[in-house]
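**Q** test case, fold it:
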Amino acid sequence: MIKEFRVALAWGGSILLLALGAKFAFNRGYIDKDMMLRLVIGINGLMIVYYGNLVPKKVAPNANVRQVMRVSGWSQVLGGLAYTGLWALAPIPLAATLGTAAVAASLLVTLGYCFWLRAQGRAGI
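**A** Sure thing, here's the model as predicted:
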């Protein structure tokens with residue numbers, strides 16, 4: 001529990017440090033406003049990837065829950081990578097729209113899989 005709290009604090013601190021560093025670099029003229037925005041928002045996708053990677057590694061009470069956790073982890077990792085890639089490479093309006101859609105799709109994949117398992121009568125949750 002303490003380790004998870006420390007990791008969450010490290011993520012929060014790194015996001016704040018990145019934001020402050022990006023603002024400092026912008027004020028000095030090293031980066032432009034678009035780069036500052038891309039850095040600060042793009043790191044959120046990396047955080048989604050990190051936590052998505054942790055999901056399947058948690059202890060689960062039965063096999064069906066482990067299946068859901070694997071699907072959830074994969075969808076979050078892929079959604080987070082898509083989010084980060086779009087914020088790194090796509091025009092900002094397109095990155096905002098498609099990046100949000102990628103993260104929302106990862107959530108819908110997980111929910112859809114849960115409902116599919118329940119419809120199959122194998123949920124046991």
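**Q** Q76 - nearest residue in space that isn't next to it in sequence?
**A** Once flanking residues are discounted, Q76 sits nearest to G52: 2.7 Å by C-beta to C-beta, 6 or more residues apart in numbering. From N, CA and C alone the C-beta is placed, and that goes for glycine too.
**Q** not counting the helix or strand harbouring the one you found itself, show me its contacts.
**A** According to DSSP states H and E, G52 maps onto helix 33-54. Contact with helix 33-54 is made by 11, 14-15, 18-19, 22-23, 25-26, 31, 72-77, 79-85, 87-88, 92, 95, 99, 103, 106, as judged by C-beta atoms under 8 Å, 6 or more residues apart in numbering.
**Q** look up how far V49 lies from I2.
**A** I2 sits 23 Å away from V49, going by C-beta to C-beta, to the nearest Å.
**Q** compare the two (neighbour count), which wins?
**A** Neighbour comparison, I2 and V49: the larger count goes to V49, with 19 against 6 (by other C-beta atoms under 10 Å).
**Q** now the more buried one: closest residue in space that isn't a chain neighbour?
**A** G80 (3.7 Å).
**Q** isn't that neighbour up against V103?
**A** Yes. The criterion here is C-beta atoms under 8 Å, and G80 meets it with V103 at 7.2 Å.
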